[in-house]
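Trainee: Model the following, please.
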Amino acid sequence: MTLPLPCRALLGGLLLFGTATAALAGGTAYVSNERGNSVTVIDLDSRTVTATWPVGKRPRGIALSRDGSKVYVATGLDNAVEVRDRASGRLLASLPAGQDPEQFFPSRDGKLLFVANEDDAAATAIDLSGGRVAWQVPVGREPEGITESPDGRWLVVTSEDQHALAWIDLATREVAAETPTEARPRHVEFTPDGRELWAAAEAGGVVQVVSPQTRQVIATIPFAPPGVAAYKILPCGIRFTPDGSRAVVALGRANHVAVIDVASRKVLSYLPVGGRPWHLALTPDGATALVANGMSDTVSVVDLASGQTTATVPAGAGPWGVAIAP
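Mentor: Got it, this is the predicted structure:
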């Protein structure tokens, strides 16, 4: 474990996570493997692979349905989002999803799937009951990250090429505002209370905090893992603990994740993982991170209290995204 900051910062993290041990409280992780055209299924109790599902071409975004019964997988080269039975992996449907879907977000009411289409330069809404495209809104070039605000008012989409965020008003289905960011925003995530939006600017090497009220950047968080060259720091996936007090950010070629105190926006610790972590997921208790290591073909199981990687689980070729079911 690497501890670049004062011990008192790490103690704050330990107090947050209590006396969590390496044991996990059950559940299953689903990992999309973009070069392997597969999904790896991992039992979190035994930390072993229980199944590998063949899926479509270049799977990236992955998430559970709101009722937890299905797994959605964006297969970018098929221009589709696959719907699979969570228990068996059986393909239930292949939904038309526009050109080159990457990340997506199941709407909070469970009726739609919001998809970022890199080649279409658009955000697409899929009607899940009808299995069809309900509507599409043009956004900036090379959209990848997409998320819905907790209050259901906004759909926010990143534009990697134009270094901006588009704020789509879901009532009017129009872009109501744009927020300039540092270079190549890849992922966006609202804090659980909806008061802030965090955007990972990959080429900029920072995470930027945006106010939903003003749609302006209000803070920029830099990273400096010890011994890592600045050009290798490529922030991507962001996840918040359920109480909203901590954020965990995957730092790409830096081969670390960063744990951040949300209130102060200070990095508490840098935790080494495998090669080029892209995305991650947290267990429901917020104590453990599962990190997809795209160049190592593994998943790191990281205990956030101790900062230790407690297991390294083999995945398919090019792990990209992670979803966890209790």
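
Trainee: which element is residue 268 on?
Mentor: Take DSSP states H and E as the rule and residue 268 turns out to sit in strand 266-272.

Trainee: Tell me the helices and strands packed up against that strand.
Mentor: Packed against strand 266-272 by the contact rule (3 or more CB pairs under 8 Å, 6 or more residues apart in numbering; DSSP states H and E) you find helix 7-17, strand 256-261. Where you see a C-beta, it was placed from the backbone N, CA and C, and this is true even at glycine.

Trainee: and these, which one's lowest on average pLDDT?
Mentor: Looking at the helices and strands packed on strand 266-272, the lowest mean pLDDT belongs to helix 7-17 (a mean of 35).

Trainee: Please pull up the helix or strand immediately following it.
Mentor: Scanning forward in sequence from helix 7-17, with DSSP H and E defining helices and strands, the next element found is strand 28-33.

Trainee: What average pLDDT does that following strand get?
Mentor: If you average the pLDDT over strand 28-33, you get 98.

Trainee: Past it, which element shows up next along the chain?
Mentor: Moving toward the C-terminus from strand 28-33, the first helix or strand encountered (DSSP H and E) is strand 38-43.

Trainee: after that following strand, next one along is what?
Mentor: Elements were assigned by DSSP H and E; along the chain past strand 38-43, the next helix or strand is strand 48-54.

Trainee: just checking, what packs against that following strand?
Mentor: With contacts taken as 3+ CB pairs under 8 Å, 6+ apart, strand 48-54 sits against strand 38-43, strand 308-314.

Trainee: let's see 7 Å
Mentor: Contact partners of strand 48-54 among helices and strands, from 3 or more CB pairs under 7 Å, 6 or more residues apart in numbering; DSSP states H and E: strand 38-43.

Trainee: could you give the angle of the strand it packs on to strand 308-314?
Mentor: Computed with axes from the mean of the first three to the mean of the last three CA atoms, to 10 degrees, the direction of strand 38-43 lies at 130 degrees from that of strand 308-314.

Trainee: So what are the sheet partners of strand 38-43 and their directions?
Mentor: Strands flanking strand 38-43 in the sheet, each with its direction: strand 28-33 (antiparallel), strand 48-54 (antiparallel) (DSSP bridges).

Trainee: Would you mind saying which of those lies nearest residue 285?
Mentor: Shortest distance between residue 285 and those, using CB to CB, is found for strand 28-33: 14.3 Å.

Trainee: surely residue 170 meets residue 155?
Mentor: Yes - proximity of residue 170 to residue 155 meets the contact threshold set by CB atoms under 7 Å, at 5.6 Å.

Trainee: if we can go back for a sec, what is the subsequent helix or strand relative to the strand holding residue 268?
Mentor: According to DSSP H and E, the helix or strand after strand 266-272 is strand 277-282.

Trainee: next one: that next one to chain centre, how far?
Mentor: Distance of strand 277-282 from its chain centroid, counting by CA atoms, centre = their mean, to the nearest Å, is 6 Å.

Trainee: Now do that strand against strand 256-261: the angle between them, please.
Mentor: For strand 277-282 against strand 256-261, the angle between stretch directions is 50 degrees (the same axes, to 10 degrees).

Trainee: Out of the strands paired with strand 38-43, which gets nearest to residue 141?
Mentor: With CB to CB as the criterion, residue 141 lies closest to strand 28-33 of these, at 23.9 Å.

Trainee: can you tell me how far the closest residue to residue 153 other than its chain neighbours sits from residue 147?
Mentor: Nearest in space to residue 153, with sequence neighbours left out and distances taken as CB to CB, 6 or more residues apart in numbering, is residue 170 at 6.3 Å. When CB to CB, to the nearest Å is applied, the distance between residue 170 and residue 147 equals 12 Å.

Trainee: go on, residue 115?
Mentor: Relative to residue 147, residue 115 is positioned 12 Å away (CB to CB).

Trainee: The two: who's more crowded?
Mentor: Comparing residue 115 with residue 147 by neighbour count (other CB atoms under 10 Å), the higher total belongs to residue 115, at 31 against 23.

Trainee: Helix, strand or coil: sort out that one for me.
Mentor: For residue 115, the reduced secondary structure class is strand; criterion used: DSSP: H, G, I helix; E, B strand; the rest coil.

Trainee: Check whether it really touches residue 122, as I assumed.
Mentor: No - in this structure residue 115 lies outside contact range of residue 122 using CB under 7 Å: 8.9 Å.

Trainee: shared neighbours of those two, which are they?
Mentor: Common contact partners of residue 115 and residue 122 (CB atoms under 7 Å, 6 or more residues apart in numbering): residue 98.
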